[in-house]
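Engineer: Return a 3D structure for these sequence lines:
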Amino acid sequence: MAEFWQPWENLFLLDVCKTMPLPLIAEKLERTERAVTTQASRIGAPLPSRMTGRPWTKAELFLFGRFTPEEIAAATGRSIYSVRSKRKSLARAGGLIMREWTTEELALLWRHTNAEVAEITGRTIEEVGDKRLQTNIERNGWDKFDPQREEA
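Structural biologist: Presented below is the predicted three-dimensional model:
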């Protein structure tokens, strides 16, 4: 049978609920995190949502598309669930930073269609098309000289 909550425990919970992390509260009260969460809900103590953690920095966002979610989690000290959630939100917003193109992947652009390159590399057809256009512009110097524009 569970122990009843003492008045001092409720006061402590109300006092520290906004400033102390849940695991530390549970440790101090010698209760499980679930018990603390349940009691906080009962007495109206506003625990911070797990979904509102520390904001992502630009350096951390730079890791997306270059490393696996597991590597990002280890490097940032965030949970794998947090990393996967951020990756999904970036993809939904259209802001997912894709990994760098390798030399081997660039070589595929010379020998295969966009659909084939997308299938081989696991990239989207749109990304492959954008990269093909970018490499053609750079290779042919179209960024410096536009053959369709007549210079008078």
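Engineer: where exactly do the strands run in this structure?
Structural biologist: Using DSSP state E, the chain contains no strands.
Engineer: just for it, where's the confidence low?
Structural biologist: Applying pLDDT under 70 to the chain flags residues 1-2, 49-53, 92-99, 143, 146-152.
Engineer: rerun that using 90 as the cut-off
Structural biologist: Filtered on pLDDT under 90, the chain yields the residue ranges 1-4, 14-24, 33, 37, 40-41, 43-73, 76-106, 110, 117-152.
Engineer: got a list of contacts for the lengthiest helix in it?
Structural biologist: Secondary structure of the chain per DSSP state H: the longest helix is helix 125-140. Contacts to helix 125-140, defined as CB atoms under 8 Å, 6 or more residues apart in numbering, come from residues M98, W101, L106, L109, N114, A115, V117, A118, T121, W142, D143. Backbone N, C-alpha and C define where each C-beta goes, glycine included.
Engineer: which of these are buried?
Structural biologist: Burial by neighbour count, 16 or more other CB atoms under 10 Å: within these this picks out W101, L109, N114, V117, A118, T121.
Engineer: do you know how far the residue lying closest to S79 once chain neighbours are set aside is from E116?
Structural biologist: Excluding the flanking residues, the one nearest S79 by CB to CB, 6 or more residues apart in numbering is A73, at 6.3 Å. For A73, the distance to E116 (CB to CB, to the nearest Å) stands at 33 Å.
Engineer: Identify the residue nearest the geometric centre of the chain.
Structural biologist: The centroid of the chain falls nearest to K86 when counting by CA atoms, centre = their mean (2.8 Å).
Engineer: in terms of contact, does that one touch W56 like I think?
Structural biologist: Yes. Counting by CB atoms under 8 Å, K86 touches W56, with 6.2 Å between them.
Engineer: that older thread, kindly provide the distance from the residue nearest to the centre of the chain to R34.
Structural biologist: Distance from K86 to R34, by CB to CB: 25 Å.
Engineer: re the thing from before, quick one: the residue nearest to the centre of the chain from R132, how far?
Structural biologist: If you measure K86 against R132 using CB to CB, the figure is 29 Å.
Engineer: same deal with P46?
Structural biologist: With distances taken as CB to CB, P46 is found 52 Å from R132.
Engineer: The two: which is more packed in?
Structural biologist: Comparing P46 with R132 by other CB atoms under 10 Å, the one with more neighbours is R132, at 16 against 10.
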